[in-house]
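Chemist: requesting a structural model of the entry that follows:
(chains A and B)
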Amino acid sequence: GAVVSQHPSRVICKSGTSVKIECRSLDFQATTMFWYRQFPKQSLMLMATSNEGSKATYEQGVEKDKFLINHASLTLSTLTVTSAHPEDSSFYICSAREGASYQPQHFGDGTRLSIL
Amino acid sequence: RKEVEQDPGPFNVPEGATVAFNCTYSNSASQSFFWYRQDCRKEPKLLMSVYSSGNEDGRFTAQLNRASQYISLLIRDSKLSDSATYLCVVNRYTNSGYALNFGKGTSLLVTP
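Modeler: A predicted model of the protein is given here:
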């Protein structure tokens, strides 16, 4: 089955630090990648959608200057949380979709971010 | 009205029981439907897609009623390993194409 790798799985850092999370599709080319955030006991909330080679489209309320997304190739997308603060602590999950919009998304393992 | 609504549960059932989860969605233009399962503090994993004609995968049966905008998942002969949160997922159109809307999930606990 389709495999998506996300790294790192766990990050603990001080307030003000910038954190970079990588998402890779290992055995398929991901035309579209998605970044989600999930707070405890809440549903996954889409932050942004990125297509390879183009700028990401951010959901309403998500600051594009704070959450920088780069989708440089068909197998790699990165999310950088700039100047992270405690309220940014959450479970960040990427997903990737191979082709048509009706295809399911496959998720990475997630990154648990804790800002002290 | 939330875009995807599920009964949060929890559903506590004994091993071997049959359990059914329901889900409703608000966007009649949705085209794709899925059930994912999510274990505690883990990423969601695709369980199955849901087709209009209904589909079955082993002990799992999914049904879709487009007229009622209703999706169901039936689990037969529950196993301990089925304990998880089951997410009803519906696609929606955004400025950058189709994205997924997740329900909050229904929690299932299968007990010995």
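
Chemist: contact residues of chain B facing chain A?
Modeler: Residues of chain B lying close to chain A by CB under 8 Å from any CB of the partner chain are B:4, B:31-32, B:34, B:41-46, B:49, B:87, B:91, B:94-100, B:102-105. All C-beta atoms are positioned from the backbone trio N, CA, C, and that covers glycine.

Chemist: number of residues surrounding B:Asp57?
Modeler: By other CB atoms under 10 Å in any protein chain shown, 11 other residues sit near B:Asp57.

Chemist: residue contacts, the residue most central in space within chain A?
Modeler: Of all residues in chain A, the one closest to the mean position by CA atoms, centre = their mean is A:Trp35, 3.3 Å from it. The contact partners of A:Trp35, taken as CB atoms under 8 Å, 6 or more residues apart in numbering or on different chains, are A:23, A:46-48, A:50, A:56, A:67, A:69, A:77, A:79, A:92-94.

Chemist: what helix or strand does it sit in?
Modeler: Using DSSP states H and E, A:Trp35 falls within strand A:32-38.

Chemist: coming back round to it: name the nearest of the contacts of A:Trp35 relative to A:Cys13.
Modeler: A:Cys13 has its nearest neighbour among the contacts of A:Trp35 in A:Tyr92, at 13.5 Å by CB to CB.

Chemist: that closest one sits in which helix or strand?
Modeler: A:Tyr92 belongs to strand A:90-97 when assigned by DSSP H and E.
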